[in-house]
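>>> How does the following fold in three dimensions:
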Amino acid sequence: MSLPFDLCPNYQESTKAKTTLLRDPKKRKTGESSTDTASVQHLRPRMVLLKGFVKPEDQIEMAKPQEWRQAELMDDVPGKELDPTARSYGPTRPFDGAQAPAIPDAFKMIAQTANSTASEFSQINPDICIVNYYTNSGKLGLHQDKDESESSLTKGLPFISISIGDTAEFLFGDTRDKDQATKINLESGDVLILGGESRLLFHGISHVKTNSAPSWLKEETGLRPGRINLTFRQY
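As a prediction, the model looks like this:
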């Protein structure tokens, strides 16, 4: 999936969420945790928030502008690409017909380690990673993530969401009524996991908080204002 936007400060700002995949950062040993200091918060049955799970050095790798480029296929194992018009996944990219690139192993391992840390979810082998960038004026209405296979949804396989950059106010509830939704803050390095009976909860982003990203993240990467969100799923 080719890079449709730039995170450098001098780039023209967009208020829409955009999608891409990331390149491998430094190699991670098999089974190595991202951090040993994350707090585990059980928000609902099969809905867990790991506060501060992703190490600063891993956040930096995910946020570096030079890491955002067209991903190369690794070991000839393709990923899957979302066609936003058809709301379905396939092996090729809808905008150019090229084979969808694989998910970088290092990022996949962070997601799987988070899933194991939560301990109450089925382990998954993600073949989908959706990466959205929100400017400080970006929002996302309450919705359900249900474009995966019937088997994946029936089993309640989790999706694993990683936040990098500015803090987002996250909404979730049983309906699309935002007035009845619960609100929590997702900060840089947080990992949110929804599976089982919570897999199809309605959720969204009400707003992104300006100048709330860690100063060291901005200093090390030159990250422009906004939030990066990586969501790992198994089709």
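
>>> And the strands in the protein, which stretches?
For the chain, the strands defined by DSSP state E cover 18-20, 39-44, 47-51, 81-83, 88-90, 128-134, 140-143, 159-165, 168-173, 182-186, 191-194, 202-208, 227-233.

>>> Need the ones you listed in TSV (columns: distance to residue 60, mean pLDDT and mean neighbour count).
Heads up, the C-betas are built off the backbone N, CA and C, glycines and all. Formatted as TSV, the strands of the chain follow (distance: least, Cβ to Cβ, whole Å; pLDDT from 0 to 100; neighbours: other Cβ atoms under 10 Å):
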stretch	distance to residue 60	mean pLDDT	mean neighbour count
strand 18-20	18	36	17
strand 39-44	21	96	13
strand 47-51	19	98	22
strand 81-83	27	64	19
strand 88-90	30	69	16
strand 128-134	16	90	22
strand 140-143	25	97	14
strand 159-165	9	97	26
strand 168-173	19	98	20
strand 182-186	18	98	15
strand 191-194	16	98	26
strand 202-208	20	98	19
strand 227-233	12	95	23
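
>>> need those strands in CSV with distance to residue 107, can you?
Shown next, in CSV, are the strands of the chain (distance: least, Cβ to Cβ, whole Å):
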stretch, distance to residue 107
strand 18-20, 12
strand 39-44, 21
strand 47-51, 15
strand 81-83, 17
strand 88-90, 18
strand 128-134, 7
strand 140-143, 21
strand 159-165, 8
strand 168-173, 19
strand 182-186, 17
strand 191-194, 12
strand 202-208, 21
strand 227-233, 7
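
>>> Let me know which of these is the nearest to residue 62.
Nearest of the strands of the chain to residue 62, taken as Cβ to Cβ: strand 159-165 at 5.1 Å.

>>> returning to what we had before: out of the strands of the chain, nearest to residue 152?
Using Cβ to Cβ, these put strand 227-233 closest to residue 152, at 7.5 Å.
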